[in-house]
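Undergrad: What shape does this take:
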Amino acid sequence: MTDDIDHATETFLGYRELLFSVVYNMLGSVADTEDVLQEVWLAWQARARGAAIDNIRAYLTRMAVNQALARRSALARRREDYVGQWLPEPLLDSEPFADGEASVVRTESSSMAMLVVLESLTPLERAVFVLNEVFAYPHTEIADMVDRSPVAVRQIAHRARAHVQARRPRTQVDPRIRREVTERFVEAAMGGDLEKLLAVLAPEVTLWTDSGGVGVATSLQPVHGRTAVAAVFMSVAAAGLDGYRVGWRTVSGDPCAVIFDGDAPLAVVVLDIAPDDTVIGVYSVTNPAKLTRVNSAAP
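TA: Numbering: from 1, shown residues only. Predicted coordinates for the structure are as follows:
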């Protein structure tokens, strides 16, 4: 019995990173992702004592996907009572400003901007999109996971892909450029330099702020346009930023600024960069409940 449990544990841990990525891309919440994985682990621990499973990776993914789909209903009800704008919980990487191929892959899949777009899909569309586009599961395998025919899954995938492409065309911005633009934006915003801030913002830029009604908030509604967004940051700078410091991290491959008040994280700011190296989206998460995993020992 002990050997069975040890083997089940070892097997589950081998797939945990994959399962975490799939569920996080479906939910956008680290806490809920961890809860789903706990449910999957308990179900797997009980199931692993039975007959052998041919494709363990597919089996565990199916369990994770179905648990995540079930949790989406609870999340939808929770967000009906959410104060202001809701943004995905920042998933910070361990290294400050990580570069490289892995970061590019994560940016295309679970970047803040992409996760916001995925929120506009139905739960089933999002599951199919994530499994197919991000993790390259074939339609036939996805069909078994979501209890649909391969033809139906292919149609769902096409519809979801078209929706995402319409709202966020695929672009590749060099990680070094993203980092440089992020640094210029933060320097201008925190320094109250209007001219430099306007220079880095795209005319159609939008600011989203997620405070949950608890954290520091600039607006309960999105702010659109270069002049309006710049005015928000100028008012913040004018109010005084003495005592605050900036730590640099990456969120799912995106360079981001972590604003600290002493050792306490005040905000995580992630930018969406256009191909012309201007900022088209500013995502500011200030809800303390979403900042509990931010490392206070930021460089």
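
Undergrad: Could I get the buried residue list for stretch 214-233?
TA: 215, 217-219, 223, 226, 229-230, 232-233 (16 or more other Cβ atoms under 10 Å). (Each C-beta comes from the backbone N, C-alpha and C, glycine too.)

Undergrad: what's the answer for stretch 30-41, then?
TA: Buried residues in stretch 30-41, defined by neighbour count with 16+ other Cβ under 10 Å: 30, 32-33, 35-37, 39-41.

Undergrad: Point out the least confident one among those residues.
TA: Of all the buried residues of stretch 30-41, V30 carries the smallest pLDDT score, 88.

Undergrad: Give me the nearest residue to that residue, chain neighbours excluded.
TA: Nearest non-adjacent residue to V30, counting by Cβ to Cβ, 6 or more residues apart in numbering: E89, 4.9 Å away.

Undergrad: That neighbour: what's it in contact with?
TA: 28-31, 285, 290 (Cβ atoms under 8 Å, 6 or more residues apart in numbering).

Undergrad: biggest separation within these, which pair?
TA: A31 and V285 (13.7 Å; Cβ to Cβ).

Undergrad: hmm, back to that, helix or strand for the residue nearest to V30, which one?
TA: Following DSSP states H and E, one finds E89 outside all helices and strands.

Undergrad: mind checking how far it is from V268?
TA: 9 Å (Cβ to Cβ, to the nearest Å).

Undergrad: Need the overlap of contacts for those two.
TA: What both E89 and V268 touch, as defined by Cβ under 8 Å, 6+ apart, is the set 285, 290.

Undergrad: contacting residues around P203?
TA: Taking Cβ under 8 Å, 6+ apart as the test, what P203 contacts is 225-226.

Undergrad: give me that answer again for 7 Å
TA: Each residue near P203 by Cβ atoms under 7 Å, 6 or more residues apart in numbering is listed here: R226.

Undergrad: Can you classify it as helix, strand or coil?
TA: Under DSSP: H, G, I helix; E, B strand; the rest coil, P203 falls in the strand class.

Undergrad: Report the separation between it and D193.
TA: Here P203 is placed at a distance of 19 Å from D193 (Cβ to Cβ).

Undergrad: what's the answer for V130, then?
TA: In this view, V130 and D193 are 40 Å apart by Cβ to Cβ.

Undergrad: Check S120 too.
TA: Where D193 is concerned, S120 sits at a distance of 35 Å (Cβ to Cβ).

Undergrad: Who has more neighbours out of these two?
TA: Neighbour count, other Cβ atoms under 10 Å: between S120 and D193, D193 has more, with 16 against 12.

Undergrad: Over to the more buried one: give its phi and psi.
TA: The phi and psi values for D193, taken as degrees, to the nearest 10, are phi -90, psi 100.

Undergrad: for L115, same thing?
TA: phi -60, psi -30.

Undergrad: Find me the pLDDT at it, would you?
TA: What the model reports for L115 is a pLDDT of 91.

Undergrad: With the one 4 residues further on instead?
TA: Looking at E119, its pLDDT is 91.

Undergrad: residues contacting it?
TA: Taking Cβ under 7 Å, 6+ apart, one finds G28 in contact with E119.

Undergrad: Would you check how far apart it and R176 are?
TA: Taken as Cβ to Cβ, the span from E119 to R176 is 29 Å.

Undergrad: Of all the residues in the helix or strand where R57 lies, which ones are buried?
TA: For R57, the enclosing helix or strand under DSSP H and E is helix 56-80. Judged by neighbour count (16+ other Cβ under 10 Å), helix 56-80 contains these buried residues: 59-69, 71-72, 75.

Undergrad: other SSEs contacting that helix?
TA: Applying 3 or more Cβ pairs under 7 Å, 6 or more residues apart in numbering; DSSP states H and E, one finds that helix 56-80 contacts helix 2-27, helix 30-47, helix 123-129, helix 139-146.
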